Structure formats: structure tokens, C-alpha cells
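Visitor: One predicted model, sequence on top.
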Amino acid sequence: MKFSLISLLKEGLTGNRGWPRQWRDPAPKAAYDVVIVGGGGHGLATAYYLAKEHGIRNVAVLEKGWLGGGNTGRNTTVVRSNYLWEESERLYEHAMKLWETLSDDLNYNVMYSPRGVLMLAHSIHDVQVGKRHVHANRLAGIDNEWLSREEVLDFCPILNPATDIRYPIAGGALQRRGGTARHDAVAWGYARGADRFGVDIIQNCEVKGIIRDASGKVIGVETTRGYIGAGKVGVVAAGHTSVVMGMAGVRMPLESYPLQALVSEPIKPIMPCVLMSNAIHAYMSQSDKGELVIGAGTDQYVSYSQTGGLQIAQATIEAICELFPMTRRLRMLRNWGGIVDVTPDRSPIIGKTPVEGLYVNCGWGTGGFKATPGSGHVFAATIAKGEPHPIAAPFTLERFTTGRLIDEAAAAAVAH
Ligand code: FAD
Ligand code: PYC
């Protein structure tokens, strides 16, 4: 083998001796200005807004499976912005405003349907918490209204009116602008939009390593389809964020839990809105096909299983049968799970990381679908400018060292 100092310098510390890539290839020219890891709704939305709003079109989205095959295609599509704290209200309301015009913007029908989200109260404590949210939202200019027990039963007549059950209806908070959207369409709409701007979307491409140069700056990613150079890398890999960030040596304050859902056989329209009950750990809406879409709380243990524990599904079905007695004779068509990553304060992390050129968007837990447009929008701005978007600024990783947490119980519309 020919071996000279010049060739060594030219080729880096030579090709294939098992050296870490950064030492082999100290300054490769970036193939892409930005690489997004994760082709779910948030990753695709980020790529779309990078191209559309910031003119950054030399972007690749790398997805280990298929587009929207993660939580984006597994969630129960509830959209709302009735959060408690101002930081969250700003973030989720930003997303809500984008939902209202998203189909026009993407020229693709995401079937956003503001049919209302009603969050039930079953006790004096629930009533107090629910009213507190209503007042906080209205002060922030966000719609939310309190319904008495009679008004709730009138609004949704299939609810169990009995008073001698475990969780009788005591009232509810209704956000009329809340509702649902078609989850797959959101991923496809953003993918088509990004593609029109020239973004490369690469499926079956799993990121296996994050490559840094000698100064520690990110210069690319190692994937199952080879090395891909990048000026900046944005990680948007819900449920698996800790694994991907671990590739750059960054430890994340996250735990991954299964969250599951199921749908019934299709029936004629029976539900006027989305109905949620945090106390009994169940919620239900009706899809446009007529299926009842039912969701559970998270499993009680961490796991990467995309099915979830049987006992949770059973407890959810019992709760649904109690809340809606007419569902007792329905057959269930299918159930599934997704992996959600949860932060200690139940709020997301959006922003820069200690590694130069590496950005992260994660920790949406059980509630990130509704945030998809807003999350992509503020994350794109953060990556493009290298500074947090004002709406994203409170959600940086540093809050776990400064202690300025955003303890958002409304993020857990379902039990954690
Ligand atoms: P994902 O769609 O999971 O995208 C991340 C992508 O990263 C995946 O496609 C994954 O394959 C990819 N990836 C991971 N590792 C790698 C790698 N190494 N290389 C390349 N790609 C990688 N939220 C709501 O607001 N309303 C709801 O009603 C709701 N219901 C839910 C019900 C269930 C059952 C579940 C599971 C979640 C629910 N959520 C809900 C939460 C919501 O689904 C998520 O917060 C949101 O979809 C996250 O979107 P995302 O794009 O970040 O993640
Ligand atoms: O955040 O609204 C929500 C939600 C509903 C089901 C799961 N998450």
C-alpha cells in the first residue's frame, strides 16, 4: 500500500481504519445546509417552513421508516390550544392559527375540523381546575367556555347522565375552535409542500451517528444509506430523541412511554365534538369514516414497544363504557401504540443544544400533534437564525438547569 504524509493529509487520516469519521474527514463540504432527522409531521413542517419562510431549500429530511409512520400517523388527532400557562398558550395558539389556514397554505386538505373539544369535570376539584383554565385562556384571548352539567348533557346527549356512577358529570370546559385534523394528510401535505420547494425527503434512511469535527461542530450524519454532510442538523425523532441525541453525546431529560389508542367499527354520526376525561383516563371522538376513536393514558412503565400494555386498553374500554353506555355493544376494529417522549414538566424542548450546529425539537409527550404547524414554524426560524424564535424561547433545554420549568398539566390531556 502506498502511504505518504501528503496522501494522509489529503485523504484525512485515511479511509477505512475504523477511525471516527470526524478525524478521517476534518472539513467536508456540507452536502445540505440543514438535515432534519425524523420524517414525522414536525420534521416535515420544519423543512417546509425552512424553505418557504427562510429561503433555505438545500434541506434533507431523513426518515428511518416511512413518512408519518411514527406518532404522526398513530395519534388520535385532537387539536386544541386551551393550555394553562402563558408560554404554552402562545405556542399552541400559534399552531391553532396556522391550522385555520393550513389546507389553503399547503393546497392540500388536512381536514381540520373545529368541531369543539369538551374536557369533562367529575368532581369539585375538576370543576375548579377546569374553570381556572377557562379564565386563563380568556385572559389570553383564547376561546374556552364553562358548561354546567345540564349544558354538557345537552351538548352531548350520549353521555351517561346517572349520578350514582364512579364519575358523574359535573360540568366541562368547551373550546369550540378545538377539534380534529387528518393526521396522515398533515404529513403528506407538508411533505408535498417541502418537496415543491426542492427539499429532499429520504425514507428508509436511519441515522446511526452524528458526526462532529475536531472543534465539536456538527458536520453530518452517518446513516444506513451512507454519510450525509450537513451544515446544521435538527433532531425531530419523537420517542427516540434520547437515542439520536446520545449519538452526539447529549443526555436528554426525557422518558419514552407507550401511548395507545383504538377504533371501533364505523357507525352513523353520534358525537358532536371531541370528548375528554382526564379523571377516567379516556377520551373519544368520531372520525369522518364513522369510527369511534378512543384513546388511553400512557403505560405506567418506560418502553419502546409500539403496542402498549393490555391492562391499559381494558381500563380505557371500561371507562368509555361507563361514560357512554351506548358503546357497550360496539365491536373494536384495531388498536395500536406509539412511543411518546415525556419531559419532567410535560412541556416540549425546542432549540439549540450544547453542540454547535445541532438543534432539537422533542418532548411533546402525548400532545404534539396539535402543535405540528406551530412547532415546525418556530423550529425552522430557530434553525435558520441560530437563535430561538420568541415563542420557542421559554422551551429551551436550559430550563432544566435554571429550574424555570413550564409545568403544564394541560399538556397531559390524558393520564401520565
Ligand atoms: P413522529 O411522527 O413520531 O416523527 C418522528 C420520526 O422520527 C418517526 O417517523 C421516526 O421513525 C423517525 N426517527 C426516529 N429515529 C430516527 C433515526 N434514528 N433516523 C431517522 N428517523 C428516525 N397529540 C395531540 O396533540 N393530539 C392527540 O390527539 C394525540 N393523540 C395521541 C395518541 C397516541 C396513541 C399517540 C402515540 C400520540 C398522540 N399524540 C397526540 C402525540 C402526537 O402524536 C405526537 O406528539 C406528535 O405526533 C409528534 O410528532 P413528531 O413529528 O415529532 O413525531
Ligand atoms: O393533547 O389533546 C391532547 C391529546 C388527546 C389525546 C392525546 N393527547
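Guide: Done, it's in. Ligands and ions are numbered 1, 2, ... in the order given.
Visitor: mean confidence score for stretch 81-100?
Guide: For stretch 81-100, mean pLDDT is 98.
Visitor: what about A381, which helix or strand?
Guide: helix 372-385 (DSSP states H and E).
Visitor: hmm, that helix in reach of ligand 2?
Guide: No. Using CB under 6 Å from any ligand atom, we find that helix 372-385 stays clear of ligand 2, coming within 11.9 Å at best. In this view, the C-beta of every residue, glycine as well, is placed from N, C-alpha and C.
Visitor: For the helix or strand just after that helix, buried residues please.
Guide: As assigned by DSSP H and E, the chain's next helix or strand after helix 372-385 is helix 399-402. Under the neighbour-count criterion of 16 or more other CB atoms under 10 Å, helix 399-402 has R399 buried.
Visitor: average pLDDT for the helix holding A381?
Guide: Helix 372-385 shows a mean pLDDT of 98.
Visitor: isn't there a helix covering G239?
Guide: No. In this structure, G239 is coil, not part of a helix, as judged by DSSP: H, G, I helix; E, B strand; the rest coil.
Visitor: how near is it to G41?
Guide: 13 Å (CB to CB, to the nearest Å).
Visitor: In terms of neighbours, single out the busier of the two.
Guide: Neighbours of G239 and G41, each counted by other CB atoms under 10 Å, are more numerous for G41; the result is 34 against 25.
Visitor: quick one: contacts for the more buried one?
Guide: Residues near G41 by CB atoms under 8 Å, 6 or more residues apart in numbering: 68, 72, 183, 186-187, 190, 369, 372, 376.
Visitor: before we move on, back to that, contacting residues around the helix holding A381?
Guide: So helix 372-385 is in contact with 34, 41-50, 53-54, 56, 72, 91-92, 94-96, 98-99, 102, 186, 190, 232, 234, 236, 348, 350-352, 359, 361, 364, 368, 388-389, 391-392, going by CB under 8 Å, 6+ apart.
Visitor: Counting neighbours, which bits of that helix end up buried?
Guide: So, applying 16+ other CB under 10 Å, buried residues of helix 372-385: 372-384.
Visitor: Now flag whichever of those residues is closest to ligand 1.
Guide: Closest to ligand 1 out of these is T372 (6.5 Å), distances taken as CB to the nearest ligand atom.
Visitor: what separates the spatially closest residue to the closest one that is not a sequence neighbour from ligand 2, distance-wise?
Guide: In space, and not counting its chain neighbours, T372 is closest to G41: 4.0 Å by CB to CB, 6 or more residues apart in numbering. As judged by CB to the nearest ligand atom, to the nearest Å, G41 and ligand 2 stand 14 Å apart.
Visitor: Need phi/psi at G41.
Guide: phi -60, psi -40 (degrees, to the nearest 10).
Visitor: Would you mind listing where this structure has pLDDT under the threshold?
Guide: The model of the chain has pLDDT under 70 over residues 1-30, 413-416.
Visitor: Let's see that with 50 instead.
Guide: Where the chain drops to pLDDT under 50, the residues are 1-24, 26.
Visitor: Does M276 touch A296 like I think?
Guide: No. In this structure, M276 is not within contact of A296 by CB atoms under 8 Å, at 11.9 Å.
Visitor: higher neighbour count, these two?
Guide: Taking other CB under 10 Å, M276 and A296 do not tie; A296 has more neighbours (29 against 24).
Visitor: What subset of the contacts of helix 372-385 is buried?
Guide: 34, 41-50, 54, 56, 72, 91-92, 94-96, 98-99, 102, 186, 190, 232, 234, 236, 348, 350-352, 359, 361, 364, 368, 388-389, 391-392.
Visitor: of those residues, list those near ligand 1.
Guide: Applying CB under 6 Å from any ligand atom, the subset of the buried ones among the contacts of helix 372-385 adjacent to ligand 1 comprises 41-43, 72, 236, 364, 368.
Visitor: Spell out which parts of the chain neighbour ligand 1.
Guide: Going by CB under 6 Å from any ligand atom, the residues of the chain near ligand 1 are 37-43, 62-65, 69-72, 74-78, 206-207, 236-240, 244, 259-261, 295, 338, 340, 364, 366-370.
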